[in-house]
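> Dropping a prediction and its sequence here:
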Amino acid sequence: MQKRMGEAVARVARKVNDTVENKADSLDLANCKLMTFPVGIYKAMRSVTEGIHRISLANNELKSLTGRFINTFSQLRELNLAGNYLHRLPEEVTSLLHLRAIDLSRNRFRRFPEPLAAVATLETIDLEENEITEVPVDKLASMTALRSLNLRANPVGPDVRLLVRPLVPFDLLLSPEEHVPKA
């Protein structure tokens with residue numbers, strides 16, 4: 001068990017070092033079994049955080065994201081948090097002035113993460129396979145940059161199914177309605 005943990009820590013350190021040394025614009029920490037974002041990464045990456053435009057933390061075990069993470073990586077354009085245990089986003093998400101795409105599929109959201117509605121640059125939101133029943137229809141309609149909202153495999157209410165063009169200026173992706181057979 002300790003050997004596997006040591007290997008996982010070494011893999012994260014290697015990926016962070018590669019990003020810093022190559023002054024890359026992306027950080028890929030997908031599939032690293034992270035339960036939280038490692039605090040040591042903030043210090044290790046302080047010289048390049050402004051240049052990071054894409055981060056993938058997909059398929060980890062994250063239960064939350066901190067405001068510090070958002071404030072540190074303020075220039076993000078793409079954020080992949082698919083396949084975690086997230087159920088809310090910090091309010092600081094509203095300060096991501098360049099964010100164009102966020103993948104929150106396969107998490108634990110029960111409601112649409114409302115801070116996203118205030119991110120004017122968002123073009124794509126993927127919330128497939130969550131537990132979302134409610135969506136702030138009025139707020140979504142005012143998201144002028146939004147092009148695609150994926151709510152497939154969510155138990156959304158019938159009011160969301162009524163959202164079609166031209167009422168909303170984006171593609172709304174939903175699972176087909178399940179028809180209950182009549183007795």
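Perfect, I can see it now. Computed from a predicted model, the values in this text were never measured in an experiment.
> For burial, what's the neighbour tally of residue 16?
Residues near residue 16, counting by other Cβ atoms under 10 Å, number 18. (C-beta placed from N, C-alpha, C; glycine too.)
> any idea which element it lies in?
helix 2-21 (DSSP states H and E).
> Only the buried residues of that helix, if you could.
Judged by neighbour count (16 or more other Cβ atoms under 10 Å), helix 2-21 contains these buried residues: 12, 15, 16, 19, 20.
> go on, stretch 76-85?
Using 16+ other Cβ under 10 Å as the burial criterion, the residues of stretch 76-85 that qualify are 76, 77, 78, 79, 80, 81, 82, 83, 84.
> among those residues, which are in strands?
78, 79, 80 (DSSP state E).
> if we can go back for a sec, could you point out which element follows the helix holding residue 16?
Heading C-terminal from helix 2-21, the first helix or strand you meet, by DSSP H and E, is strand 26-28.
> quick one: strands adjacent to that next one?
Strands flanking strand 26-28 in the sheet, each with its direction: strand 54-56 (parallel) (DSSP bridges).
> pull the CA atoms of the helix or strand bottoming out on mean pLDDT in the chain into PDB?
Of all helical and strand segments in the chain, the minimum by mean pLDDT, DSSP states H and E falls on helix 158-161, at a mean of 76. Taking C-alpha atoms only, helix 158-161 is exported to PDB below (Å, rounded to 0.1, in the frame of the first residue of the first chain):
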ATOM      1  CA  PRO A 158     -39.800  18.600 -17.300                       C
ATOM      2  CA  ASP A 159     -39.300  22.400 -17.300                       C
ATOM      3  CA  VAL A 160     -35.700  21.900 -18.500                       C
ATOM      4  CA  ARG A 161     -36.900  19.800 -21.400                       C
END
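> gap between it and the chain center?
Relative to its parent chain, helix 158-161 has a centroid offset of 23 Å by Cα atoms, centre = their mean, to the nearest Å.
> For that helix, name the packing helices and strands.
Secondary structure elements in contact with helix 158-161, counted by 3 or more Cβ pairs under 8 Å, 6 or more residues apart in numbering; DSSP states H and E, are absent; no helix or strand qualifies.
> List the buried residues in it.
Neighbour-count burial for helix 158-161 [16+ other Cβ under 10 Å]: residue 160.
> List of residues touching that helix?
By Cβ atoms under 8 Å, 6 or more residues apart in numbering, the residues outside helix 158-161 that reach it are 135, 137, 151, 172, 174, 177.
> Turn those into CSV, including secondary structure, neighbour count and distance to residue 93.
Shown next, in CSV, are the contacts of helix 158-161 (DSSP: H, G, I helix; E, B strand; the rest coil; neighbours: other Cβ atoms under 10 Å; distance: Cβ to Cβ, whole Å):
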residue, secondary structure, neighbour count, distance to residue 93
135, coil, 22, 17
137, helix, 15, 20
151, coil, 23, 18
172, strand, 20, 21
174, coil, 16, 24
177, coil, 8, 31
